[in-house]
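1. Sequence and predicted model, in that order:
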Amino acid sequence: MPPKSILTPKPLVAGNWKMNGTRASLHEITVMGLSYDADLRRNVDLLICPPSTLLYPAATTALGTAIAIGAQDSSPKISGAHTGDVSPNMVLDSGGSMVILGHSERRTDHLEKDALIEQKASSAIATGLVAIVCVGETSSERQAGRTLAVVRRQLRGSIPRNATALQLVIAYEPVWAIGTGLTPTATDVAEVHLTIRNDLKKIMGKQQGEMVRILYGGSVKPNNAKELLSIDNVNGALVGGASLKAIDFMAIAETYRSG
Ligand code: 13P
């Protein structure tokens with residue numbers, strides 16, 4: 001899938017390991033690196049976001065593979081009395097270059113709201129990280145016909161006003177599709193991604209909005225990646241379960257191989 005225009009962003013396939021993985025799992029990153037060859041590197045960026053305990057060793061393992069390492073959350077604060085939190089400069093210091101923010105599991109487990117996610121994203125960007133901001137509707141919101149309204153509200157509320165296309169990635173993850181094996185239809189994904197694209201152009205300006213990567217996440221697997229990743233305005237994937245094993249993750253990345 002070659003880029004369609006000069007403004008079409010380079011795809012990103014990102015793995016979110018969630019609360020999974022110990023040092024033994026780092027081997028998977030080594031194996032991923034072995035098949036991330038020059039052709040794939042040209043066509044797609046790869047990112048693994050392990051739990052914070054593995055950030056530094058994962059970054060060390062990934063050295064020389066061109067696989068980027070990122071965190072799953074970071075604090076809006078840079079340092080201080082915030083027990084249990086990890087600051088964006090700690091992520092950077094550990095070798096991370098990106099951070100997932102506002103994942104639905106954090107919105108649910110930690111009651112994170114749009115305004116806090118916006119503060120975290122601003123702080124991450126100011127530190128030099130790329131912020132991957134997640135949005136997505138629940139099953140009851142979809143059933144009530146509120147998908148676009150919810151996603152648009154989360155988008156407007158969670159992204160920093162002055163972010164540029166290189167500092168920001170959006171991940172559309174319908175909550176009901178995460179870890180369930182369910183996925184929206186291609187038509188539904190296309191509608192949400194086009195809505196996000198149009199809103200980004202309004203918020204950031206036409207050119208910047210065109211260049212932001214919009215990832216789809218929620219039960220992306222080797223067997224459905226081709227269909228999901230070929231939808232208009234889908235510039236890659238945020239992968240949960242299938243990112244834990246190199247063989248599955250790289251099979252998804254292979255979607256972007258030339259020819
Ligand atoms: P699954 O791929 O396991 O559905 O998880 C998606 C996700 O939440 C990635 O952030």
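-> Everything's here; your move.
2. mind listing what residue 253 touches?
-> Neighbour list for residue 253: 13, 36, 40, 44, 46 [criterion: CB atoms under 8 Å, 6 or more residues apart in numbering]. C-beta: built from backbone N, CA, C; applies to glycine.
3. what do you get for residue 155?
-> Going by CB under 8 Å, 6+ apart, residue 155 touches 133, 135, 170, 196, 199, 200, 203.
4. got a pLDDT number for it?
-> Looking at residue 155, its pLDDT stands at 98.
5. isn't residue 176 right next to residue 142, touching?
-> Yes: applying CB atoms under 8 Å as the test, residue 176 and residue 142 come out as touching, 6.7 Å apart.
6. More neighbours: which of these two?
-> Ranked by neighbour count (other CB atoms under 10 Å), residue 176 and residue 142 place residue 176 first, with 21 against 18.
7. which residue sits closest to the more buried one in space, ignoring its chain neighbours?
-> Counting by CB to CB, 6 or more residues apart in numbering, residue 139 is the residue found nearest to residue 176 once chain neighbours are left out, at 3.8 Å.
8. Could you measure from the one you found over to the ligand?
-> From residue 139 over to the ligand the distance is 14 Å, taken as CB to the nearest ligand atom, to the nearest Å.
9. now do residue 79
-> Taken as CB to the nearest ligand atom, the span from residue 79 to the ligand is 27 Å.
10. Double-check that that residue belongs to a helix.
-> No: looking at residue 79 with DSSP: H, G, I helix; E, B strand; the rest coil, it is coil, so not inside a helix.
11. The nearest residue to it once chain neighbours are set aside: how many residues sit nearby?
-> In this structure, residue 79 finds its nearest non-sequential neighbour in residue 87, 5.8 Å apart by CB to CB, 6+ apart. Using other CB under 10 Å, residue 87 is surrounded by 19 other residues.
12. and the contacts of residue 155, which of them are in helices?
-> Using DSSP state H, 196, 199, 200, 203 are the members of those that sit in helices.
13. which of those residues sit farthest apart?
-> Spatially, the most separated pair among the ones in helices among the contacts of residue 155 is 196 and 203, at 10.3 Å (CB to CB).
14. Mind putting the ones in helices among the contacts of residue 155 into CSV with neighbour count and distance to residue 79?
-> Formatted as CSV, the ones in helices among the contacts of residue 155 follow (neighbours: other CB atoms under 10 Å; distance: CB to CB, whole Å):
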residue, neighbour count, distance to residue 79
196, 23, 33
199, 18, 34
200, 24, 32
203, 16, 30
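15. Relative to the ligand, which of those residues is nearest.
-> Using CB to the nearest ligand atom, residue 196 comes nearest to the ligand of the ones in helices among the contacts of residue 155, at 16.2 Å.
16. In contact with that closest one, which residues?
-> 135, 151, 155, 170, 172, 214, 233.
17. Which residues does the residue in the stretch 1-150 of the chain that the ligand sits nearest to form beta bridges with?
-> Closest to the ligand within the stretch 1-150 of the chain is residue 16: 3.7 Å, counting by CB to the nearest ligand atom. Beta bridges link residue 16 to residue 49 when assigned by DSSP bridges.
18. Could you report the neighbour count for the residue in the stretch 101-250 of the chain that the ligand sits nearest to?
-> Closest to the ligand within the stretch 101-250 of the chain is residue 240: 2.2 Å, counting by CB to the nearest ligand atom. By other CB under 10 Å, 21 other residues sit near residue 240.
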